[in-house]
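Visitor: my questions are about this predicted structure, shown below with the sequence.
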Amino acid sequence: MLLTASLLLFLVCQRASADARFDLVGPKIDVRVTRSGVTLPIAAVPNLQPGDRLWIHPDLPPTQSVKYLLIVVFLRGTTNPPPPEWFTRIETWQKSVREEGMFITVPQEAQQAVMFLAPETGGDFSTLRSAVQGRPGAFVRASQDLLEAGFEEARIERYIADIRRVPPADPAELQKHSDLLARTLALKPNADCFKRSVDTQFTCLTQSGSQIVLDDGHGQTISDTLNGPASDLIAQASFTQAAGGGLYSAYVGAIVDVVRIMGNLHTAQYQYIPAISFPQAEQMNLRLNTPPSFHNPKSVLVIALPAVRAAVLPPLRTADPNHVACMIQPSVTLPVEGAPLVFSADFAHNMVLHLNTPPGAPVEADIPLTPDAYYGGLVLQQLPKHHVPLTDTPPGPRPLDAQRGGNAAAPAKKPTEPEPVLLTGTVQGMWGFDRFSGPTLPLQQLPGSGWHIVTRGGSGDLIAGKKTELLLASTGTACVHTITARPNGTKANIRIPFKAEPLTRPPDTDSATQPPIDPSAPLSDVLSLAVPVDQNITPGDLNLSIQQYDQPKPDEVAARTFAEPATVTSVELHAGDRLVELTGTHLNEISQLTLGDLSFAPTSSGLTDVDFLELTLGQNTPPPSTHQGEKLMASLSLRDGRVLTVPVTVSAPRPSVSLLSKTATPDKSIVQLTNPDDLPLSSQLTFTLKSQSPFPRNGEIEIDTLDGTLRTVLTLAPSGGLLLQDPHTVVATLDPLRSFGPSAFGALHLRAIYPSGMEKPITTRPGVPTQNGEIAARLTEDLSQGAMDAAAHPAAERNPDGTLKTTTNDTASVSDWVPLATLVRLPKLTQLQCPAEVTQPCTLTGSDLFLVQAVSNDPAFESPTAVPDGFTGTTLTVPHASAYTVFLQLRDDPEAIDSAVFPAPPPPVTAHVHHGGARSSHSSKEAAAEGSGSTATPTAPADGGTTAPAAGTPASPNSPVTTPSTTGTGATQKSPATKPGPSKTPSTAPPATPQ
């Protein structure tokens, strides 16, 4: 009982010691295997077969003090104990063994091979043989797990060794090679290492235990012969950290199971500890995680030999099916994956790349290959023919050892056919004693030619200032070293990044400018280029320089960069209409729209909005004979020569109205307008429209200024401004001052808006048709008058751009614009005072004189008087006018010459003569003063000058006149002109002489 307790305590300690790393160096044993006359070192043997001849030589130091007994045993499954003759006793201290080793032949029906290395003691051999025969399944399982653990540890050791080749201070290279190693070795490095500082990333990655072993399936198949995928190693390696410490290699959790198996096999004399083999050539370098004990129970090292089974060839596959290897590149790596043991062990040897030349072409020699996980694949040993270095090429992989190469390069024969640019190569080699063929890879052995630009179905245009894909194709694209771009007219070269991508061949690539691509060529014969957005490249020619390996000069290709193309979201063409309306973006790039044999050009107003463009036919071109619902295709010609195709569906005919007549109410101003299209702002305009189709009851007449800043809508609603004479004739009334406000001026035009009966949210904005609705019309009308506010229209909603948003049951259809009138604002002229002397100027009195641009006394404006901008005075000095008429140029219509005719002054009033001429003279002067009708101080001289009466004073003799007040204060009072009374003003004339 005490002995049992002590053994259990020892096993617990042994279990804890198993959590340590396998970093204890064990004894060395040399092993070679001979099969069919071929001998290989144990490092190159992935499996044994019955009949193989093993040479085993314990490589113990001469000073070895403990005598080790080496026992080689073959197993044949978990339920069939091996016979006694399958156990071979090797006494390592014997001279013959130390000098010559021992040969052992693998028996028939053997499935596993295990070696035990135990200190020599009494009954040692029989004790170990009894243990194996008593529990063969435990040793079968231990053999499998030890082999798999060795494979996994070899992958981790390879990762750590290769990552040390990267300069620790280069995080980009560290990330790159870590990814390559992880892919080829099927490992997952600790991603947290790359989040650390640069100086600690390297240390983190090289710590054992920072990698997770992934299940590749190949190594497990090699080690597993009886139980299929039942081994616990992969599951333990993927999900278990030994003792929860997280500091050990991922396989240690599985090795704990091995130790448990070994612990259950203990006897009073022996305990079993695992030994993992790291073979190099013929040496099986053993590593232990527990120090051996030479006291009872003594330690027995358990060592697994390769499984006895048929060869499982490596499932190599290409990492990128579209990758084409360039054979003339200074360093060539074939990216392969799928078999980590090819890179972590020496099972694969004498590997070559066999070139599959087409019939008639010169036969190429096989090229030796070296597995190198650091570069992510199989590295070619470059032959002189395939090695053309460039000065700026970074150092490539290390040279291949000549002894590990394949067939020597044979001298090239004289070709009977031209060498192909593209060909394929197959990976071939030896897997232990067996030949294997790997993947077949596409290769390029000559520089590509015939460079041209292709498209991938859609537009392949290169847009200036935008990252756009540009595709280049040739007879071969894998040997491109650099691509630079030089905009036309500059000397600076821009380095362009590129990558090989598959191409979906469009049907238009076989044109004269774009030669067809060989369907048999690999899909990656197309390079995708992306011009960086931050480069200052303007529309125009772009020269591309393509530098290839083995080419002294680059190939030149000219590409053209374009501005951002127009994007058309809708095309609206009404039946029988001459106008086409486009909506979209970048519409300023459109120069013409072609529909059949008709060409539409942008209107004179051009791009009226960032998203709206109108195009029309030429003046002499009749409208197209299109019909509603007809589906057409239109071509849009851009200003840089590109052509876009857009579908067009013909809509219903647009409204058509014409102006029959118009009448303006007379204005009280004395300014006479000569242009019949000029409309005083204060006058009311009545006009008549004729509609080709019946005018709908919910139709509208929209009146706008040409710039779209002022707008009003007339409707048939009460007080809406429209009145139907008949279904085709509409009488409209417009009050410009009320509709547009006192600051309105300029040309007006109108159009009819007919709804089509579809409910749609509308947006009211200048220059775009309104989709009907009295609410929208009134909101817009009020907005034009400055009355749009929250109090007046609390329910009015706005779009993000500030425009009004309403909802109506109609979608608008609009007519062409029809010119209506030109709004002009008139000054208020009240008086023109001119002296009798024609050489003296006159004085023009009135208000709002800033509305006048110039004044002249003749219609030819030979000597005009300009009115300063912003003039706020009430009088102007103007040239002497004849017939009380001046000619004006109004600011609102400076092309027209208007006139202002002031009333002529009344004739002098003759007074009755009483006694003496002096009295009569005085009375005449009083009458003249009374006839002036003005309280202003006369400016005419006393020697007979005249003054024009005020504009509002009638010239009739019945008009009232004013006379100075008797108080002498300047006040006036009216008296009938027909009954002049004696003057109340003191006379300055000498008193009349009494009779």
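Guide: Right, received. Where do you want to start?

Visitor: can you list the strands that the host helix or strand of residue 822 pairs with?
Guide: Assigned by DSSP states H and E, residue 822 belongs to strand 818-824. Using DSSP bridges, the strands paired with strand 818-824 are strand 678-680 (parallel), strand 746-755 (antiparallel).

Visitor: can you say which of the ones you listed is nearest to residue 569?
Guide: Proximity to residue 569 (Cβ to Cβ) singles out strand 746-755 among the strands paired with strand 818-824, at 22.1 Å. In this view, the C-beta of every residue, glycine as well, is placed from N, C-alpha and C.

Visitor: phi first, then psi, for residue 589.
Guide: phi -80, psi -10 (degrees, to the nearest 10).

Visitor: could you do residue 109 as well?
Guide: According to degrees, to the nearest 10, residue 109 has phi 70, psi 0.

Visitor: need the nearest residue in space to it, chain neighbours excluded.
Guide: Of all residues not flanking residue 109 in the chain, residue 76 sits nearest, at 5.3 Å (Cβ to Cβ, 6 or more residues apart in numbering).

Visitor: before we move on, what about residue 28?
Guide: Per Cβ to Cβ, 6+ apart, closest to residue 28 is residue 59, 4.0 Å.

Visitor: isn't the one you found right up against residue 30?
Guide: Yes - counting by Cβ atoms under 8 Å, residue 30 is a contact partner of residue 59 at 5.3 Å.

Visitor: which residues touch residue 25?
Guide: 285-288 (Cβ atoms under 8 Å, 6 or more residues apart in numbering).

Visitor: gap between it and residue 743?
Guide: Look at residue 25 and residue 743: by Cβ to Cβ, to the nearest Å, they are 101 Å apart.

Visitor: tell me if I am right that residue 484 is in a strand.
Guide: Yes - counting by DSSP: H, G, I helix; E, B strand; the rest coil, residue 484 falls inside a strand.

Visitor: pull up the distance across stretch 813-822, start to finish.
Guide: Chord length of stretch 813-822, first to last residue, is 26 Å (Cα to Cα, to the nearest Å).

Visitor: please spell out which residues along that stretch are buried.
Guide: Buried residues in stretch 813-822, defined by neighbour count with 16 or more other Cβ atoms under 10 Å: 813-816, 818, 820-822.

Visitor: tell me the helix or strand right after the helix or strand hosting residue 55.
Guide: Under the criterion of DSSP H and E, residue 55 resides in strand 53-59. Counting by DSSP H and E, the next helix or strand C-terminal to strand 53-59 is strand 68-75.

Visitor: what sits up against that following strand?
Guide: The contact list for strand 68-75, computed with Cβ under 8 Å, 6+ apart, reads 27, 29, 54, 56, 58, 60, 82, 86-93, 104, 106-107, 110-120, 124-125, 128-129, 132, 136, 139-140, 143, 305, 308.

Visitor: the same query, at a cut-off of 7 Å, please.
Guide: Contact partners of strand 68-75, identified using Cβ atoms under 7 Å, 6 or more residues apart in numbering, comprise 56, 58, 60, 82, 86-92, 104, 106-107, 110-120, 124-125, 128, 132, 136, 139-140.

Visitor: what subset of those is buried?
Guide: 56, 58, 60, 82, 86-88, 90-92, 104, 106-107, 110-119, 124-125, 128, 132, 136, 139-140.

Visitor: next step: those restricted to strands.
Guide: 56, 58, 87-88, 90-91, 104, 112-119 (DSSP state E).

Visitor: ok, and the most crowded of the contacts of residue 25?
Guide: Using other Cβ atoms under 10 Å as the neighbour test, the contacts of residue 25 are led by residue 286, with 22 neighbours.

Visitor: ok and whichever strand or helix holds that residue relative to strand 53-59, angle-wise?
Guide: Residue 286 is located in strand 283-288, with elements delineated by DSSP H and E. Strand 283-288 runs at 60 degrees relative to strand 53-59, counting by axes from the mean of the first three to the mean of the last three Cα atoms, to 10 degrees.

Visitor: relative to strand 112-119, how tilted is whichever helix or strand comes after strand 283-288?
Guide: Next in sequence after strand 283-288, counting helices and strands by DSSP H and E, comes strand 298-304. With the same axes, to 10 degrees as the basis, strand 298-304 and strand 112-119 are set at 160 degrees to each other.

Visitor: what helices and strands are in contact with strand 298-304?
Guide: strand 112-119, helix 136-163, strand 270-274 (3 or more Cβ pairs under 7 Å, 6 or more residues apart in numbering; DSSP states H and E).

Visitor: contacting residues around that strand?
Guide: Contacts of strand 298-304 (Cβ under 7 Å, 6+ apart): 26, 114-119, 121, 128, 142-143, 146-147, 262, 269-275, 277, 286, 292-293.

Visitor: quick one: strands adjacent to it?
Guide: strand 112-119 (antiparallel), strand 270-274 (parallel).

Visitor: helix or strand next in line after the last one, which one?
Guide: This means strand 270-274. Next along from strand 270-274, by DSSP H and E: strand 276-280.

Visitor: okay but residue 865 is in contact with residue 879, surely?
Guide: Yes - using Cβ atoms under 7 Å, residue 865 is in contact with residue 879, at 6.5 Å.

Visitor: who's more crowded, these two?
Guide: The neighbour comparison of residue 865 against residue 879 (other Cβ under 10 Å) goes to residue 879, with 21 against 17.

Visitor: and the gap between the spatially closest residue to the more buried one that is not a sequence neighbour and residue 841?
Guide: Take residue 879 and drop its neighbours on the chain: the residue closest to it by Cβ to Cβ, 6+ apart is residue 857, 4.2 Å away. As for residue 857, its distance to residue 841 is 9 Å (criterion: Cβ to Cβ).

Visitor: so what's in contact with those two at the same time?
Guide: 879-880.

Visitor: of those two, which one has the most company?
Guide: residue 857 (22 against 17).

Visitor: verify the stated contact: the residue nearest to residue 879 with residue 883.
Guide: No - the criterion here is Cβ under 7 Å, and residue 857 misses it with residue 883 at 9.9 Å.

Visitor: looking at this structure, which helix or strand is least sure?
Guide: Within the chain, no helix or strand scores below helix 233-239, which has a mean of 32 by mean pLDDT, DSSP states H and E.

Visitor: before we move on, the earlier item: which elements pack onto the strand holding residue 286?
Guide: Using 3+ Cβ pairs under 7 Å, 6+ apart: strand 283-288 touches strand 24-35, strand 276-280.
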